[in-house]
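[1] How does the following fold in three dimensions:
(one chain, ligands or ions: 1)
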Amino acid sequence: MNKKIVLRDDEMPRQWYNIAPDIPNGLKPPLDPETNEPMGPEKLSAVFPMGLLEQEMSGERFIDIPEEVQEIYKIWRPSPMVRATALEKALGTKAKIFFKNEGVSPVGSHKPNSAVPQAYYNMKEGVKRLSTETGAGQWGSALAFATSKFGIECKVYMVRVSFDQKPYRKSMMQMYGASIVASPSEETNTGRKILAEHPDTPGSLGIAISEALEDAATRDDTKYALGSVLNHVCMHQSIIGLEAKKQMEIAGEYPDVIIGCCGGGSNFAGIAAAFVPDYLEGKKINFVGVEPASCPSLTMGKLAYDFGDVAQMTPLLYMYTLGHDFIPPGIHAGGLRYHGMSPMLSALVRENIVHPMKVHQLECFEAGALFAKTEGIIPAPETCHAIRAAIIEATRDLNDPKTILFNFSGHGLIDMASYDKFYAGELHDYDYPEEDIAKSIANLPKV
Ligand SMILES: Cc1ncc(COP(=O)(O)O)c(C=O)c1O
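    Predicted coordinates:
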């Protein structure tokens, strides 16, 4: 038995898979909040390049990956798929646990899979500067890396709590040549307004998105890049599952359970999408999307049209949401602190194809520690959520020899301060009170 299954460079997929045309009952279009009518590419082209907008609205199943993007992907792709034999042994389970290791990218997560094509299509259309938000810092580092490859300037609005928790993410972005500011910041109208009302706010992805969008909308030389949620981002991530499918074939296995953690939905969509057509043809697969109990958009949110940001600058997206002004607590999985969920993943949950699961912070850190001791790799706190769910699935019945595949979305080498707090007993579980969720859901836009 091979511990890890690796593909050669020339076996890397040359096309992304777009799940949009295969989602039963389809996706609802984004709406213009001024008219409540579907929003076409013209208005969005103020902040996104046409190359990406075409992908966002595409009904094609397969889209070619440009050669220049493939060349950069080859720095770390195809990524290995590994059998977690030591973890299986520690759990005493007959289940086979495989993980797809996206932590091998230059910045340590799946995020460059979309950052590289996003920088590429912007470069193609002559864009000189990109603005973005980052939660955990993984997306910001990924875009900083990708823009450095194409000679584009990069400005990152980093959620305050992560800015304070993860100083080395800032160093990394700086090393790739990006400039970084804590969000909310004094640099935008949105940031100044929020700081005036809540000077001690931990920030949120919803606020940072508003700031980055305002930056792009008020400068001619700048467009905006989003690290998750949107259809084109999920599609770029489909390379994860396309590779994993080939690797499963080589291993002579097929997954009964597919697991990913869910922030905005991109790494989950990435590992899951390629397997959904098989499911629709009758194959039995249990897709499990894992989210934190402190930010439970899939398990406790509402499927509705909502803004993607706090300042209501985005189009209305049809998604599971906790309300655009929901500020999650400062948990240590910054990449999972988002009020909404990608419309693609939301539609898969609506169709009962994907089953959401919520887990608490402490059980996730415990799962991460066990993974480090057994498989040797220190996971990002976000990834610990997927590991926790894999452990739950593998131990439901220790004699069930099912095959589990989870996405190892990133390593945690720059998250050690969070692990220190965990070992010092300073981390706590947090269930967001239902009445507070009801309050922010009451502010959903009327459509
Ligand atoms: C390591 C890691 N995993 C998962 C996520 C969640 O994002 P998404 O749901 O878009 O994959 C993030 C986001 O920052 C991340 O950094």
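[2] Can you report phi and psi for residue 82?
    Main-chain torsions, residue 82, degrees, to the nearest 10: phi -120, psi 140.
[3] Which residues are in contact with it?
    Contacts for residue 82 (C-beta atoms under 8 Å, 6 or more residues apart in numbering) come out as 3, 4, 5, 98, 99, 101, 375, 408. In short, each C-beta sits where N, CA and C put it, glycine included.
[4] now the strands for the stretch 251-400 of the chain?
    257-261, 286-292, 302-307, 316-321, 354-359 (DSSP state E, counting those that start in this stretch).
[5] Let me know which of these is the nearest to residue 34.
    strand 316-321 (10.2 Å; C-beta to C-beta).
[6] and the closest one, is it in reach of the ligand?
    No: between strand 316-321 and the ligand, judged by C-beta under 6 Å from any ligand atom, nothing touches; the nearest distance is 12.4 Å.
[7] Stretch 73-89 now?
    No: interface with the ligand: stretch 73-89 contributes nothing (C-beta under 6 Å from any ligand atom), its closest point being 13.3 Å away.
[8] Low-confidence stretches in the chain?
    Along the chain, the model assigns pLDDT under 70 to no residue.
[9] and residue 41, how many residues sit next to it?
    Residues lying near residue 41 (other C-beta atoms under 10 Å) number 13.
[10] isn't it right next to residue 52, touching?
    No: judged on C-beta atoms under 8 Å, residue 41 makes no contact with residue 52 at a distance of 9.7 Å.
[11] Now list whatever residues contact both of those two.
    When contacts are counted by C-beta under 8 Å, 6+ apart, residue 41 and residue 52 have no shared neighbour.
[12] Tell me how far residue 281 lies from the ligand.
    In this view, residue 281 and the ligand are 26 Å apart by C-beta to the nearest ligand atom, to the nearest Å.
[13] What is the neighbour count of that residue?
    7.
[14] tell me which parts of the stretch 151-300 of the chain are close to the ligand?
    Proximity of the stretch 151-300 of the chain to the ligand is confined to 228, 261, 262, 263, 264, 265, 266, 267, 268 under the rule C-beta under 6 Å from any ligand atom.
[15] mind running it again at 8 Å?
    By C-beta under 8 Å from any ligand atom, the residues of the stretch 151-300 of the chain that approach the ligand are 227-229, 233, 237, 260-270.
[16] and the most far-flung residue of the chain relative to its centre, backbone torsions?
    Distance from the centre of the chain peaks at residue 399, with 32.8 Å (C-alpha atoms, centre = their mean). Here is the backbone geometry of residue 399 (degrees, to the nearest 10): phi -100, psi 0.
[17] again with residue 446
    Dihedral angles (degrees, to the nearest 10) for residue 446: phi -90, psi 120.
[18] For the ligand, what is the nearest residue in this protein?
    Proximity of the chain to the ligand (C-beta to the nearest ligand atom) peaks at residue 335, 2.3 Å away.
[19] which parts of the stretch 301-447 of the chain sit against the ligand?
    Proximity of the stretch 301-447 of the chain to the ligand (C-beta under 8 Å from any ligand atom) is limited to residues 333, 334, 335, 336, 338, 342, 380, 381, 382, 383, 409, 410.
[20] ok, back up a step: tell me which of the residues of the stretch 151-300 of the chain next to the ligand fall in helices.
    Using DSSP state H, the members of those that fall within helices are 233, 237, 266, 267, 268, 269, 270.
[21] Please give the element, helix or strand, for the closest residue to residue 186 other than its chain neighbours.
    What sits nearest to residue 186 in space, not counting adjacent residues and going by C-beta to C-beta, 6 or more residues apart in numbering, is residue 192, at 5.8 Å. Assigned by DSSP states H and E, residue 192 belongs to helix 189-197.
[22] Mind jotting down where the helices sit in the stretch 151-300 of the chain?
    160-165, 167-175, 189-197, 205-217, 231-251, 266-272, 276-280, 297-300 (DSSP state H, counting those that start in this stretch).
[23] Out of those helices, flag the one nearest residue 12.
    Per C-beta to C-beta, nearest to residue 12 of the helices of the stretch 151-300 of the chain: helix 231-251, 7.1 Å.
[24] Mind jotting down where the strands sit in the stretch 1-150 of the chain?
    With strands called from DSSP E, counting those that start in this stretch, the stretch 1-150 of the chain shows them at 4-5, 15-17, 31-32, 37-38, 62-64, 81-83, 96-101, 129-134.
[25] Quick one: residues contacting the residue positioned nearest the centre of the chain.
    Residue closest to the average C-alpha location in the chain (C-alpha atoms, centre = their mean): residue 266, at 4.0 Å. Counting by C-beta under 8 Å, 6+ apart, residue 266 touches 110, 114, 227, 228, 229, 233, 234, 237, 342.
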